[in-house]
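Peer 1: got a predicted model here, sequence first, then my questions.
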Amino acid sequence: PHFLYNTLNNIDALIWLDQEKASAAVTNLSELMRYFTYSAKQEHVALGEEIEHLEKLVELQRLRMPNKEALSFAVDIDDPKQEIAPLLLLPLMENSFKHCGDLNESGAIRMELSLQEGVLEYRCNNNRKTQEEIAAMPKQKHGVGLSVLRRRLDLLYDGKYSLLTESSGNRFVTFLQVDL
C-alpha cells in the first residue's frame, strides 16, 4: 500500500507540473497494478515480462527523485524467455526505495539484474536513512518483507538460491542469486 499511496501522491503533484508525464505515470501505474494482480496467480512468468514491469516500477519511483543520477537499473540477460516466479524481486526493490536516505544523491540507489546461463543475480546498493530519520519514523515491524521473501525462496528454489544483505557505513547492499 505504501507504494500505491506514494505513487498517487507523486502523480498528484506532477499533474500541476507536467500533465504529459502525469498521464504516462498513471498509465504505468495501471499496467503495474494489472500485472501485480494477474501475474501473482501464475507459477512462473517470462523474465523479460517481469523486467518490463520492474522498469515501470523504477520509472514511477524516479518521480520522487529530483536528481536523474540518483537511480540506476542495469539489466543484462541472455534469455528473456527464462521463467521466474512472479514478483520475486519486488520486495527487494521496494525495500531500496523505502529505506533510501538522500534521494537527491547521485547513485542513491544502484540496481543490477543479470541472467547468464540460467543463473539470476540481483544486486542493489542504496544509501540509508540517518539514525535521526529512522528514529522519527513511525514504529513498525522491520524485516517482514525479507523474511517473507526468504520463505518464498525456500519453497520455490530450495537449495538453489543465496540471499545476502549487508550494512556498511551509510550504504545497504543486497545480493540475490538464484539458479533458475
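Peer 2: Everything's here; your move.
Peer 1: surely Ile51 meets Leu113?
Peer 2: Yes - between Ile51 and Leu113 there is a contact under Cβ atoms under 8 Å: 6.9 Å. In short, each C-beta sits where N, CA and C put it, glycine included.
Peer 1: neighbour count: those two, which is higher?
Peer 2: More crowded of Ile51 and Leu113, by other Cβ atoms under 10 Å: Leu113, with 21 against 18.
Peer 1: let's verify the more buried one: helix, strand, or coil?
Peer 2: strand (DSSP: H, G, I helix; E, B strand; the rest coil).
Peer 1: so what's it up against?
Peer 2: 51, 54, 73-77, 89, 120-122 (Cβ atoms under 8 Å, 6 or more residues apart in numbering).
Peer 1: state the distance from the residue lying closest to Pro86 once chain neighbours are set aside to Ala74.
Peer 2: Nearest non-adjacent residue to Pro86, counting by Cβ to Cβ, 6 or more residues apart in numbering: Ser39, 3.9 Å away. Computed as Cβ to Cβ, to the nearest Å, the Ser39 to Ala74 distance reads 23 Å.
Peer 1: which one's more surrounded, the two?
Peer 2: Neighbour totals were compared for Ser39 and Ala74, and Ser39 leads with 16 against 10 (other Cβ under 10 Å).
Peer 1: pull the helix or strand with minimum mean pLDDT from this structure.
Peer 2: Lowest on mean pLDDT, DSSP states H and E among the helices and strands of the chain sits helix 131-136, with a mean of 76.
Peer 1: just how off-centre is the helix or strand just after that one within its chain?
Peer 2: Next in sequence after helix 131-136, counting helices and strands by DSSP states H and E, comes helix 144-157. Between the centre of helix 144-157 and the centre of its chain there are 16 Å (Cα atoms, centre = their mean, to the nearest Å).
Peer 1: past helix 144-157, which element shows up next along the chain?
Peer 2: strand 161-168.
Peer 1: quick one: mean pLDDT for that following strand?
Peer 2: Throughout strand 161-168, pLDDT has a mean value of 94.
Peer 1: what comes up buried for the least confident helix or strand of the chain?
Peer 2: In terms of neighbour count (16 or more other Cβ atoms under 10 Å), helix 131-136 has no buried residues at all.
Peer 1: mind exporting the C-alpha coordinates of it to CSV?
Peer 2: In CSV, the C-alpha atoms belonging to helix 131-136 read as follows (Å, rounded to 0.1, in the frame of the first residue of the first chain):
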residue,chain,number,x,y,z
GLN,A,131,19.6,7.5,12.7
GLU,A,132,17.6,10.6,13.2
GLU,A,133,15.4,9.9,10.2
ILE,A,134,14.9,6.3,11.4
ALA,A,135,14.0,7.5,15.0
ALA,A,136,11.4,9.9,13.5
